[in-house]
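> quick one: sequence plus predicted model below, questions after.
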Amino acid sequence: MKKKSTHFDKFTKKKSNAAIKEQFKQEKRKIKKEREEYFEQKRAEVRKQKAEGAREKVQGARHKAQETRHKGQGTRDKVQGTRDKVQGTRDKEQASGNQQPVTGNRQPAISNKQQMKSVPVQATGNRQPVTDLMPLNKFLAHSGISGRREAADIVKQGKVKVNNVVVTEPGHKVSAKDEIRVNGKKIFVSKNLVYILLNKPKDFLTTTDDPQGRKTVLDIVGKATPERIYPVGRLDRNTSGVLLLTNDGDLSQKLTHPSNNIKKVYAVTLNRPLEKKDFEKILKGVMLEDGMANVDALAYADVSDKAVLGIEIHSGRNRIVRRIFEALGYDVKNLDRVIFAGLTKKNIERGKFRFLTEKEVRDLKHFGKGK
């Protein structure tokens, strides 16, 4: 009985299963090491920033205490001066004997505190009353900028403006009605960012709706959340496999922009075995009507069945995998995406889905960094 692979992590041109498995292990260790080094570097930066912030806070507290002492002394001098003035007035009135009686029309004295309470506060500009307030660092975290702790450091570094004013206090209260910019870029908060990983079956369109009434991926996941979500990238109607759906616009743009070279791995089943000369042609690049199509890796999934292959690409061009093989005279009987941006369909049955974990979301946001 032929043994077929259903999952690919990395492909090489070597035919030895032992060599392929060892390559997988080495690549996995390399990726794990690079990721650990990246996050360790970030943690070191955070520790350094916290230490600097603590020193600045201590220095600021000292200055503030000194200012408070000076201010207290000034207040005491002012109070003493007022007392001296009152005493001088009394002495003058007693000496002149012309002190006037209090008339019935005289209004009672009003303290400064009472005056402050009686004067209505006027709103400035066109700003509306603030609702649904939250700390600034929480706002940044909900916007997908970073985690809550890293967001606090970003604020302390003076990189955040609220309504065109630099704010360095992470606990500063803001709402979605405030204009908030990080390094000049305006950001928006979504209270309920949703990330769903679907193992897409065939015969479903990767769109939010279809005028012809055909089935779409939202028919599968639509009831999972009240938020409006949409697919990240596309899979052909007859292509199955890993598909991410979210309402995180920044992440979606990052994962689909060509400059980020997000890699995808597909399992391909052809109508006949792939010949060696065509195998070499694909590795060198195949010229299509819209330009050269290059692949990152290609391998037989099972050395005993050369009609089943694994192919790794980073291009997001339409139907790119199918067109590569069709250009060489092959028909693609089955195409299944098994990896997208590090996400796999492990433990997700065809036509089922699950929500991403917080760790998976963090990894996605930092995907490709530090390499």
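That came through fine. Numbering: from 1, shown residues only.

> where does the stretch 51-200 of the chain have low pLDDT?
70, 72, 74, 77-132, 144-148, 189-191 (pLDDT under 70).

> tell me where it has strands.
134-135, 160-162, 165-166, 173-174, 180-182, 185-187, 195-200 (DSSP state E, counting those that start in this stretch).

> most neighbours per residue, which of the ones you listed?
Comparing the strands of the stretch 51-200 of the chain by mean neighbour count (mean count of other CB atoms under 10 Å), strand 195-200 ranks first with a mean of 24. Any C-beta I mention is one placed from the backbone N, CA and C, and that applies to glycine too.

> what lines up beside that strand in the sheet?
Sheet pairing for strand 195-200, assigned by DSSP bridges, gives strand 239-246 (antiparallel), strand 353-355 (antiparallel).

> which other residues reach that strand?
206, 217, 220-221, 224-225, 229, 235, 239-246, 248, 251, 343, 345, 348-356, 360-361, 364 (CB atoms under 8 Å, 6 or more residues apart in numbering).

> tell me the buried residues within these.
Among these, those classed as buried by 16 or more other CB atoms under 10 Å are 206, 217, 220-221, 224, 229, 235, 239-246, 248, 251, 343, 345, 353, 356, 361, 364.

> still on that earlier bit, the strands of the stretch 51-200 of the chain: which one's closest to residue 27?
Judged by CB to CB, the one of these that comes nearest to residue 27 is strand 195-200, at 22.0 Å.

> so after the closest one, what's the next helix or strand?
Scanning forward in sequence from strand 195-200 by DSSP states H and E, the next helix or strand is helix 218-221.

> tell me who's in contact with residue 239.
200, 202, 335-337.

> cutoff 10 Å now
200, 202, 204, 206, 266, 319, 321-322, 332, 334-337 (CB atoms under 10 Å, 6 or more residues apart in numbering).

> repeat for residue 330
Contacts of residue 330 by CB under 10 Å, 6+ apart are 268, 270-275, 278, 307, 322, 324.

> could you rerun that using 6 Å?
residue 270 (CB atoms under 6 Å, 6 or more residues apart in numbering).

> returning to that earlier point: may I see the strands of the stretch 51-200 of the chain arranged in a markdown table, with distance to residue 24 as well?
Shown next, in a markdown table, are the strands of the stretch 51-200 of the chain (distance: least, CB to CB, whole Å):
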| stretch | distance to residue 24 |
| --- | --- |
| strand 134-135 | 44 |
| strand 160-162 | 43 |
| strand 165-166 | 49 |
| strand 173-174 | 47 |
| strand 180-182 | 39 |
| strand 185-187 | 39 |
| strand 195-200 | 22 |
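
> what's the closest of those to residue 259?
strand 185-187 (16.9 Å).

> quick one: residues in contact with that closest one.
Everything outside strand 185-187 that qualifies as a contact, by CB under 6 Å, 6+ apart, is 143, 180.

> try 8 Å this time
Under CB under 8 Å, 6+ apart, the answer for strand 185-187 is 140, 143, 145, 179-181.

> what's the answer for stretch 285-296, then?
So stretch 285-296 is contacted by 263, 282-283, 311-315, 317, 320, 323-324, 327-328 (CB under 8 Å, 6+ apart).

> gap between it and the chain center?
Distance, stretch centre to chain centre, for stretch 285-296: 32 Å (CA atoms, centre = their mean, to the nearest Å).

> give me the neighbour count for residue 323.
Using other CB atoms under 10 Å, residue 323 has 16 neighbouring residues.

> where's it, which helix or strand?
The secondary structure element spanning residue 323 is helix 320-326 (assigned by DSSP H and E).

> show me which positions of that helix end up buried.
Under the neighbour-count criterion of 16+ other CB under 10 Å, helix 320-326 has 320-325 buried.

> JSON lines for the residues you listed, including distance to residue 61?
As requested, these are exported to JSON lines (distance: CB to CB, whole Å):
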{"residue": "320", "distance to residue 61": "60"}
{"residue": "321", "distance to residue 61": "62"}
{"residue": "322", "distance to residue 61": "66"}
{"residue": "323", "distance to residue 61": "66"}
{"residue": "324", "distance to residue 61": "65"}
{"residue": "325", "distance to residue 61": "68"}
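
> max pairwise distance over these: which two?
Farthest pair in the buried residues of helix 320-326 (CB to CB) is 320 and 325. Separation: 10.3 Å.

> please enumerate the helices of the stretch 51-200 of the chain.
Taking DSSP state H, counting those that start in this stretch as the test, the helices found in the stretch 51-200 of the chain are 112-118, 136-142, 148-156.

> out of the contacts of stretch 285-296, which sit inside strands?
Judged by DSSP state E, strands contain the following of the contacts of stretch 285-296: 311-313.

> show me which of those residues are buried.
Neighbour-count burial (16+ other CB under 10 Å) applied to those gives 311-313.

> check the residues you listed against residue 50 and report the nearest one.
Of those, the one sitting nearest to residue 50 (CB to CB) turns out to be residue 312, at 40.1 Å.

> go ahead and confirm that closest one touches residue 297.
Yes: Residue 312 lies in contact with residue 297 (CB atoms under 8 Å); the separation is 4.2 Å.

> and stretch 39-53, how far out from the chain middle?
Centroid displacement of stretch 39-53 relative to its chain, using CA atoms, centre = their mean, is 20 Å.
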